[in-house]
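Peer 1: Coordinates for the following, if possible.
(one chain, ligands or ions: 2)
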Amino acid sequence: MSVNLFFCDGFMKRILLVYAVNHTIQNPLGGVAPPSGLSWIQKSLYVKGFDYRTCDLSLAREKEDIEAFIKQAVNTYQPDAVGISIRNIDTSVNPPRTFFPFLKDVALAIRRETDVPMILGGPGFSLYSKKCMEIMAADYGIVGEGEASFPELLNAIFSGNELSPSVAGLISKRNGAFQEIPREIFLDYTTFGKARHEGIDYESYEKIGGYYPIQTKRGCAFNCIYCDYPYLEGRQYRMRQPSVIVDEIEELTGTYALNHFFFTDSVFNFPSEFCKSILDEIIKRKLAIKWTAYVNPRDLTLGLVERFKQSGCTRVEVTIDTLTRPTLISYQKNFSQEEIINADACFRQFDIPTYYWINLGGPGETQETFGRNLAHLGRLTHVTKGWIGVGFVVLPGSPLYDLAVQEGRIERNGIREPYLYISKNLPEDYAEQIQMFAIDHPEWFSVYDMLDTDYRQMAMKIINEKIRDHWPMQAGYGEKRRQKYRQGDLKIMSHQVYLEKLQKKQRKK
Ligand code: B12
Ligand code: SF4
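Peer 2: Numbering: from 1, shown residues only. Ligands and ions are numbered 1, 2, ... in the order given. Model (predicted):
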């Protein structure tokens, strides 16, 4: 079902929107992610006549600055309610590190300044809503899209009415127990127009080298076993009008002088006709932008990739995860080995930098497929940067969640901390094999690089010098890593040794 929104109620209540993300603290190389969800929430508050201000913790450089950001925002703005956007819950690597302590600190800092209603939302919140409600001692939360439910909830709060059962996705605590209103609907995104960007400090993002989020549609029709995107965004594509999307891009290039964009869709090149019409519009308007996006190998054609190039694509991110036939099936990937090879050739033909994401050790992985997967990686001819992960954080709403319950690994609804699913049939020396593969293929990386002093120095340089496209530096590090290994200055370690070193480093901190 879809609902339309945006009719005006005319409240002039002040809503402080806090973006509870910090890329410097959470994952410096995970990429900069300006508050895209909040640009849509701003739009919905604007349409309903609320006043709002955004406090973006992502821009705080040090942990200590976060409290100062909050204090300043609350004291100068004196909000009537605070909405907190929770994006990240964990690092999603092996082992995952949780951000719950960070979120708790944010909530405590807000509570020290004000006791107005505190409302949570965002993709991270939608995945772990009860845990977030508890640790942040929040009054309310909205699971899923916030454009309709958030203003509706605010209206109910300020008019003193009973909470309406139509506030889809609402979660609140009464008499010590959680009350939840199901989130049954996905909004009619086709009618949303453009997001509102005022109040987002793009000038500061330019200084840290951001790629600016633009969402062209919501939804993913595929069903990869580990993925929660269809849960978050729905399975049906809800597309915005290409001309409106490109109007928004033009507005950002004009008003804020931005020209680097990240299409944040689950899969940018699907449906391909829709993708093509956006690119044609960019080409027609001769916009001198640079963009990147998640691209899926399924049905990729030279014609579409040529349009990528003509419209300013500076890199693609391709999440192939696995390359053997049995694991492509057990991961429920929607493409074949042949399509992977075809996509690789298309990107090579137009010389589009390509980041590959591989995740070994998921359901169905065996010693045999693990070895073959590494061998197949060598068949990719256009790897600008590759990342090899092991295992998947089990995300609520994903098919892997059900499988993990079935296999007795987790209890349904019992999952409150990130749980990493790793196949029990992996070779014992999987960590050593990955490191050896990377030594021979300098463009590939994994968590095992992260403890290396040279890697950490490079990461600090990237952050301090605000380098936006840092893959050439990573390639340089890969070469250095190979030399260090040959000279005996770099040791291959088991996963156990890696974990011990990691713990030691964290204890030191
Ligand atoms: C695109 C994307 C990226 C891009 C972002 C590029 C950019 N320039 O913005 C890149 C590649 C950089 C990236 C990196 C990371 N990402 Co990411 N990313 C996404 C993705 C696909 C889309 C996010 C987005 O922009 N959505 C569009 C906006 C409009 O939607 P929204 O934010 O959800 O907002 C809506 C609702 O949530 C709600 N809402 C939002 N805020 C609020 C506030 C209130 C008060 C209310 C009521 C409602 C509300 O209303 C909004 C409008 O409907 C999501 C998955 C997904 N499909 O959601 C993962 C996702 C957010 N990422 C995730 C993660 C983990 C990361 C990384 C930590 C990965 C890593 N190991 O490095 C980094 C962190 C980067 C950072 N600085 O924070 C996780 C977070 C959950 C978790 N497991 O912790 C997600 C959910 C994917 C997943 N695996 O589940 N990411
Ligand atoms: S991994 Fe990509 S293609 Fe697969 S379900 Fe998730 S968003 Fe869709």
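Peer 1: can you tell me how far the closest residue to ligand 2 within the stretch 251-400 of the chain sits from Y52?
Peer 2: Relative to ligand 2, the nearest point of the stretch 251-400 of the chain is S266 (3.4 Å; Cβ to the nearest ligand atom). No exception for glycine: its C-beta is placed from N, CA and C like everyone else's. Using Cβ to Cβ, to the nearest Å, S266 is found at 28 Å from Y52.
Peer 1: which intervals of the stretch 301-450 of the chain have sub-threshold pLDDT?
Peer 2: Flagging of the stretch 301-450 of the chain using pLDDT under 70 yields the residue ranges 414-416.
Peer 1: Might you enumerate the residues of it proximal to ligand 1?
Peer 2: L395 (Cβ under 6 Å from any ligand atom).
Peer 1: May I have the beta-bridge partners of W387?
Peer 2: Taking DSSP bridges as the rule, W387 bridges to W357, F445.
Peer 1: Please look at it and T354 and confirm they touch.
Peer 2: No. Using Cβ atoms under 8 Å, W387 is not in contact with T354, being 11.9 Å away.
Peer 1: So for these two, which sits in the more crowded spot?
Peer 2: Just comparing W387 and T354: by other Cβ atoms under 10 Å the higher neighbour count belongs to T354, 24 against 18.
Peer 1: hang on, that one packs against D344?
Peer 2: Yes. Counting by Cβ under 8 Å, D344 is a contact partner of T354 at 7.3 Å.
Peer 1: intersection of neighbour lists for the two?
Peer 2: Each of H382 lies in contact with both T354 and D344 under the rule Cβ atoms under 8 Å, 6 or more residues apart in numbering.
Peer 1: Distance-wise, check the residue in the stretch 51-200 of the chain positioned nearest to ligand 1 relative to S243.
Peer 2: Using Cβ to the nearest ligand atom, the single residue of the stretch 51-200 of the chain nearest to ligand 1 is G121, 2.0 Å away. Using Cβ to Cβ, G121 is found at 29 Å from S243.
Peer 1: The stretch 351-500 of the chain: helices as residue ranges?
Peer 2: Listed in chain order, the helices of the stretch 351-500 of the chain (DSSP state H, counting those that start in this stretch) span 367-377, 399-406, 430-440, 453-464, 471-486, 495-508.
Peer 1: Point out the one among those helices that comes closest to I282.
Peer 2: Nearest to I282, of all the helices of the stretch 351-500 of the chain, is helix 471-486, at 23.3 Å by Cβ to Cβ.
Peer 1: how about that closest one: buried residues?
Peer 2: Q474, Y477, G478, K480, R481, R482, Y485 (16 or more other Cβ atoms under 10 Å).
Peer 1: by how many degrees do that helix and helix 430-440 diverge?
Peer 2: With axes from the mean of the first three to the mean of the last three Cα atoms, to 10 degrees as the basis, helix 471-486 and helix 430-440 are set at 110 degrees to each other.
Peer 1: any bit of helix 471-486 sitting next to ligand 1?
Peer 2: No. Helix 471-486 lies out of reach of ligand 1 by Cβ under 6 Å from any ligand atom, never closer than 13.7 Å.
Peer 1: Which strands and helices lie in contact with that helix?
Peer 2: Here helix 471-486 touches strand 385-390, helix 430-440, strand 444-445, helix 453-464, going by 3 or more Cβ pairs under 8 Å, 6 or more residues apart in numbering; DSSP states H and E.
Peer 1: Select, out of the ones you listed, the one closest to ligand 2.
Peer 2: Taking those one by one with Cβ to the nearest ligand atom, strand 385-390 is closest: 13.1 Å.
Peer 1: what's the offset of stretch 269-284 from the middle of its chain?
Peer 2: Remark: stretch 269-284 is offset 23 Å from the chain centroid, using Cα atoms, centre = their mean, to the nearest Å.
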